[in-house]
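Enquirer: Would you be able to build a 3D model of this:
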Amino acid sequence: MRKTKPPVGWEHVKNCFPVPNELLDFDLPGGSIAVYIFLLRHADRRTGQCHPSTATMAKNLHYCRNTVASYVRLLEERGLIITEHTKIITKNGIKKNGNLLYTIIPLQKVMEQHYEQQFNALERTTERRKAQAKLAEQLGA
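Expert: Next comes the predicted model:
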């Protein structure tokens, strides 16, 4: 069997990081995937946390700030990230709002929660159908 060479320009690829395949199972728009990858790239590998500003993400991803904010909310709704508000103190001693602190949830946990929700929904549907069948049986008798 003949070894194939990597595509031109891939011989010296450095500074890469893996993106989990499961990310594509969440039926997310491309922009929210871009925001997730941006956060993943800037996150501390041990804690999974980072705090880039919405303006920084918007500038780097070529989106407007409101679009980035909506993608962040979508990622939060899907359970992929957690956001926390931060405070900073200026040199003058004035307290101000800081950037959001983003915590990336490991995808294995997110997938487990997703499957648990699907299983619970299936159980509720089964119980509802049983109750409807029992009610129909009582009404028919």
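
Enquirer: Would you list the phi and psi of Leu101?
Expert: Phi and psi for Leu101, reported as degrees, to the nearest 10, are phi -100, psi 120.

Enquirer: Give me the domain ranges for the protein.
Expert: With domains defined by automatic domain parsing, the chain comprises 21-105, 106-141.

Enquirer: Deepest in the core, which of those domains is it.
Expert: domain 21-105 (a mean of 15; mean count of other CB atoms under 10 Å). C-betas here are computed from N, CA, C, even on glycine.

Enquirer: just how off-centre is that one within its chain?
Expert: Here the centre of domain 21-105 is set off from its chain's centre by 9 Å, with CA atoms, centre = their mean, to the nearest Å.

Enquirer: average pLDDT for it?
Expert: Averaging pLDDT along domain 21-105 yields 93.

Enquirer: re the thing from before, which of the domains of the chain sits closest to Asn15?
Expert: Among the domains of the chain, domain 21-105 comes nearest to Asn15, with 9.7 Å by CB to CB.
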